[in-house]
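Novice: fold the following and give me the result.
(one chain, ligands or ions: 2)
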Amino acid sequence: MSKIAMRTPLVEMDGDEMTRIMWQMIKDDLILPFVDLKTEYYDLGLRHRDETDDRVTVESAEATKRLGVAVKCATITANAARQEEYGLKKLWKSPNGTIRAMLDGTCFRAPIPVKGIEPVVRTWKRPITIARHAYGDVYRNAEIRVPGAGKAELVFTAADGTETRETIHEFSGPGVIQGIHNLDDSIATFARSCFEFALEKRQDLWFATKDTISKTYDGRFKAIFQQMYDAEYRPRFEAAGITYFYTLIDDAVARVMRSEGGFIWACKNYDGDVMSDMLSSAFGSLAMMTSVLVCPNNVYEYEAAHGTVQRHYYKHLRGEETSTNSVATIFAWSGALRKRGELDGLPELVRFADALEHATIATIESGRMTGDLARITTLPNPVKLNTEEFILAIADELRGELASA
Ligand code: NAP
Ligand code: MG
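Specialist: Ligands and ions are numbered 1, 2, ... in the order given. Here you go, the predicted model:
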């Protein structure tokens, strides 16, 4: 069998710990035997980020802007414990934060439905996709630990020197303050990608903020969405038979729990961070969720929504067997390869991405799965495979799938 050709390289962002181990296995067993893989490789492993003073992260984001499609492995976000463990020069920023800030855009996360892994919320019949704004708010904040009595003010100095002031609080003792921001342009990009995604998927779009409390800040998000919807999208939504629905974030949470699913839920950055973990766990597992950053100018970054699975990695290092779920990382690769195929007009590459996803789902539905799924499946007599056995089982399934195509 001749290998499937590629034209433009993918930006490959390697990562850390257990996901780095799975990354190599996925390439060796599921991609390289079938695809003449072209990538521009960036090692975002913590050690290499430290060696390059984190320049590698910036370079990988620049490459993504240039080439259009990236696939990213989970990476460690440094904290004090990691600084000690890796002897870091400093506490580097979260690579995801750096990349998202450079690329802007919206992160779409959707559960991967599989027969035998049922959502814990009985009413959910179809997947719920989270659209997470990927810029600003608490992720780009400025914070001050207030040592004692004093006045905290919000000051904006315009380019012409005019000042606008707002008192935050008159402190009589110690406390904390935080400044956050967002940009009209970024919010509009977020809104546009949500409306376009809803039309593409033919699903309703929900959006929620806390604009009753945060009248100016969250109010701006609400207004930009509504203006864009009224000016550009209302007729297209009506023609597609879908709706745009705005409500308060707490009301949205209550409604999501009682819904049947099958819609897109647009969330501000923090809400999306928290709610996507809740949704993925409720739909089965953190490892059963796709995640793609959709950016302006046709730029895409595919990743897994979970972390580097540190606890499993330490078991692996001790020579113990692990059963880590590689599905989200496999779907990051298939998503990136499919998008590359679509952009470059390579139908064979698109078909390969489809086959890889089918093979992964078929393996689980045949009863062979990793421990996280074996614990919760409704299938009778599931077989729990270790990390590598699971990937090899998918490879077998994939060979069959490609041979019969
Ligand atoms: P995590 O890697 O998401 O894992 C938390 C727990 O969830 C695991 O211990 C495991 O539970 C379960 N789990 C997650 N992914 C799994 C998978 N693929 N297969 C099976 N079980 C899975 O979070 P963490 O351990 O708190 O964080 C580890 C590192 O990841 C941190 O340094 C953090 O900064 C980083 N992180 C990176 C990203 C990213 O790059 N996208 C996102 C989040 C966190 P059991 O132990 O019970 O089996
Ligand atoms: Mg999170």
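
Novice: now the strands for the stretch 301-405 of the chain?
Specialist: With strands called from DSSP state E, counting those that start in this stretch, the stretch 301-405 of the chain shows them at 368-369, 383-384.

Novice: I'd like the ones you listed as a markdown table, with mean neighbour count, mean pLDDT and distance to ligand 1 appended.
Specialist: C-beta coordinates here come from the backbone N, C-alpha and C atoms, glycine included. Formatted as a markdown table, the strands of the stretch 301-405 of the chain follow (neighbours: other C-beta atoms under 10 Å; pLDDT from 0 to 100; distance: least, C-beta to the nearest ligand atom, whole Å):
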| stretch | mean neighbour count | mean pLDDT | distance to ligand 1 |
| --- | --- | --- | --- |
| strand 368-369 | 24 | 97 | 11 |
| strand 383-384 | 15 | 98 | 12 |
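
Novice: reformat the ones you listed as TSV; add distance to Ala393.
Specialist: Below are the strands of the stretch 301-405 of the chain laid out as TSV (distance: least, C-beta to C-beta, whole Å):
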stretch	distance to Ala393
strand 368-369	5
strand 383-384	9
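
Novice: what residues of the strand or helix carrying Cys194 count as buried?
Specialist: Using DSSP states H and E, Cys194 sits in helix 184-201. Neighbour counts using 16 or more other C-beta atoms under 10 Å place 186-187, 189-195, 197-199, 201 of helix 184-201 among the buried residues.

Novice: what's the answer for stretch 296-308, then?
Specialist: Within stretch 296-308, the residues that count as buried by 16+ other C-beta under 10 Å are Pro296, Val299, Tyr300, Glu301, Tyr302, Glu303, Ala304, Ala305, His306, Gly307, Thr308.

Novice: go back to the residues you listed and keep what's next to ligand 1.
Specialist: When contact is defined as C-beta under 6 Å from any ligand atom, the buried residues of stretch 296-308 meet ligand 1 at Glu303, His306, Gly307, Thr308.

Novice: which residue in these has the weakest pLDDT?
Specialist: For these, the weakest pLDDT value sits at His306, with 91.

Novice: name the nearest residue to that one, sequence neighbours excluded.
Specialist: Residue nearest to His306 in three dimensions, not counting chain neighbours: Leu286, with 4.1 Å by C-beta to C-beta, 6 or more residues apart in numbering.

Novice: so who does that neighbour touch?
Specialist: Asp277, Ser280, Ala305, His306, Ala328 (C-beta atoms under 8 Å, 6 or more residues apart in numbering).

Novice: if you set the cut-off to 10 Å instead, what comes out?
Specialist: By C-beta atoms under 10 Å, 6 or more residues apart in numbering, the contact set of Leu286 is Ser276, Asp277, Ser280, Ala304, Ala305, His306, Gly307, Val309, Asn325, Ala328, Asp372.

Novice: my guess is Pro95 contacts Lys72. True?
Specialist: Yes - using C-beta atoms under 10 Å, Pro95 is in contact with Lys72, at 8.1 Å.

Novice: re earlier: tell me which of the contacts of Leu286 is nearest to ligand 1?
Specialist: Taking C-beta to the nearest ligand atom as the measure, ligand 1 sits nearest to Gly307 out of these, at 2.5 Å.

Novice: OK, contacts around the nearest residue to the closest one once chain neighbours are set aside?
Specialist: What sits nearest to Gly307 in space, not counting adjacent residues and going by C-beta to C-beta, 6+ apart, is Ala74, at 5.3 Å. By C-beta under 10 Å, 6+ apart, the residues touching Ala74 are 13, 15-20, 22-23, 44, 95-96, 303-309, 328-329, 332.

Novice: helices or strands up against the helix holding Cys194?
Specialist: For helix 184-201, the packing partners by 3 or more C-beta pairs under 10 Å, 6 or more residues apart in numbering; DSSP states H and E come out as strand 106-111, strand 129-133, strand 205-209, helix 217-228, helix 234-240, strand 244-248, strand 264-267, strand 289-295.

Novice: out of those, flag the one nearest ligand 1.
Specialist: Ligand 1 sits nearest to strand 289-295 of all the helices and strands packed on helix 184-201, at 7.8 Å, using C-beta to the nearest ligand atom.

Novice: on that earlier part again, any shared contact partners between Pro95 and Lys72?
Specialist: Taking C-beta under 10 Å, 6+ apart as the contact rule, Pro95 and Lys72 both touch Met13, Gly15, Leu44, Ser60.

Novice: from those, list just the buried residues.
Specialist: Buried members of the shared contacts of Pro95 and Lys72, counted by 16+ other C-beta under 10 Å: Met13, Gly15, Leu44, Ser60.

Novice: excluding its backbone neighbours, what's nearest the first one?
Specialist: I take that to be Met13. The shortest distance from Met13 to any non-neighbouring residue, by C-beta to C-beta, 6+ apart, is to Lys72 (4.0 Å).

Novice: if the one you found is in a bridge, with which residues?
Specialist: For Lys72, the beta-bridge partners are Met13, Glu303 (DSSP bridges).

Novice: show me what from the stretch 151-300 of the chain comes close to ligand 1.
Specialist: Counting by C-beta under 6 Å from any ligand atom, the stretch 151-300 of the chain comes close to ligand 1 at Leu286, Ala287.

Novice: what secondary structure does Asp271 sit in?
Specialist: Three-state call for Asp271 (DSSP: H, G, I helix; E, B strand; the rest coil): helix.
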